[in-house]
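[1] Turn this into a model:
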Amino acid sequence: MSKVYYKSPEEVELIRESSLLVSKTLAEVAKIIAPGVTTMQLNKLAETYIQDNGAIPAFLNYNGFPYSLCISPNEQVVHGFPGDYVIQEGDLISVDCGVIKNNFFGDSAYTFSIGEISPERQKLVDITQECLKRAIDKAVVGSRIGDVGFAVQSLAEENGFGVVRELVGHGVGVKLHEKPEVPNYGKRGTGMKLEEGMVIAIEPMINAGTANVKFWSDGWTVTSRDDSPSAHFEHTIAVKKGKADVLSTFSFIEEVLKEKR
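    Below you'll find the predicted structure:
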């Protein structure tokens, strides 16, 4: 898909349905994520939940990716394989999920803090989430892609963090990855103009240390080059006048985490 696919209001509502199922799936993950749990247990739970709700895991077999979730602990930035890794106190665990329902895609990611995390890691999580909020504030009709990227880059770098360049947000809805690309860096007033009908996934990927990354030989897993921790948050949003319409939500996750405290 070489050009932007503009969605009708009816299509936006179908993407919202898919995105909310992603959000609810991540909330199911939140219920069991804890020290002693393996990342494969999270993957199996999510896969079953998505299928039980009449949808298809969007990541499973996407370009050969063999799992339903991308689970990336600590220094892993994105696209980590679920497996026998046992989650530990103090970990940061990024969980990225996508679904296909009624032929439309939703996509969202959340970085879970396991138990007591270090102040440095807490700051990384807080700033990455704030980067996402600021980027969403800029994702309105008349803004440009560079405005969205600048919102992420400026806050992250002010706090001494590295903004990953090799991986970017993207259009979403009819396919998992569509035009336009949505980098987490950029100059204000540059890039494609945002218009009504665009649906994009905004996903800051922020490293505590260097912005540089390394790609594993599995063809998927990406880690920070200096093995510093990384955080990743993502929402699917529809571009609107005045204020973006956020189609996914973290509220289900946050309710679960509040109950667990």
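[2] and the nearest residue to Asp245 once chain neighbours are set aside, how many neighbours does it have?
    Among residues not flanking Asp245 along the chain, Ala238 sits closest, at 4.2 Å (Cβ to Cβ, 6 or more residues apart in numbering). Every C-beta, even on glycine, is put in place using the N, C-alpha and C of the backbone. When neighbours are counted by other Cβ atoms under 10 Å, Ala238 registers 23.
[3] so Ala238 makes contact with Ile202?
    No. Contact criterion Cβ atoms under 8 Å: Ala238 and Ile202 do not qualify, at 11.5 Å.
[4] Ramachandran angles for the residue nearest to Asp245?
    Dihedral angles phi and psi of Ala238 (degrees, to the nearest 10) take the values phi -100, psi 130.
[5] Can you name the residues bridging to it?
    Val199, Asp245 (DSSP bridges).
[6] Contacts only, for it.
    Ala238 makes contact with Lys7, Val12, Ile15, Arg16, Met198, Val199, Ala244, Asp245, Leu247, according to Cβ atoms under 8 Å, 6 or more residues apart in numbering.
[7] Please convert the buried members of the residues you listed into PyMOL selection syntax.
    Restricted to buried positions by 16 or more other Cβ atoms under 10 Å, the PyMOL selection for those reads:
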select buried, resi 7+12+15+16+198+199+244+247
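[8] Turn the contacts of Ala238 into JSON lines, including distance to Thr221 and pLDDT.
    Supplementary listing: these in JSON lines, determined by distance: Cβ to Cβ, whole Å; pLDDT from 0 to 100:
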{"residue": "Lys7", "distance to Thr221": "32", "pLDDT": "97"}
{"residue": "Val12", "distance to Thr221": "33", "pLDDT": "98"}
{"residue": "Ile15", "distance to Thr221": "28", "pLDDT": "98"}
{"residue": "Arg16", "distance to Thr221": "31", "pLDDT": "98"}
{"residue": "Met198", "distance to Thr221": "30", "pLDDT": "98"}
{"residue": "Val199", "distance to Thr221": "28", "pLDDT": "98"}
{"residue": "Ala244", "distance to Thr221": "31", "pLDDT": "98"}
{"residue": "Asp245", "distance to Thr221": "33", "pLDDT": "98"}
{"residue": "Leu247", "distance to Thr221": "28", "pLDDT": "98"}
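[9] closest to Asp137 among the contacts of Ala238?
    If you rank those by distance to Asp137 using Cβ to Cβ, Ala244 comes first, at 7.4 Å.
[10] list the contacts for the closest one?
    Ile136, Asp137, Ala139, Val140, Ile237, Ala238.
[11] switch to 10 Å and redo it
    135-141, 143, 148, 194, 198, 200, 202, 235, 237-238 (Cβ atoms under 10 Å, 6 or more residues apart in numbering).
[12] Most neighbours out of those residues, which is it?
    The contacts of Ala244, ranked by neighbours (other Cβ under 10 Å): first place Val148, 31 neighbours.
[13] got the phi/psi numbers for that residue?
    Torsion angles, degrees, to the nearest 10, at Val148: phi -70, psi -50.
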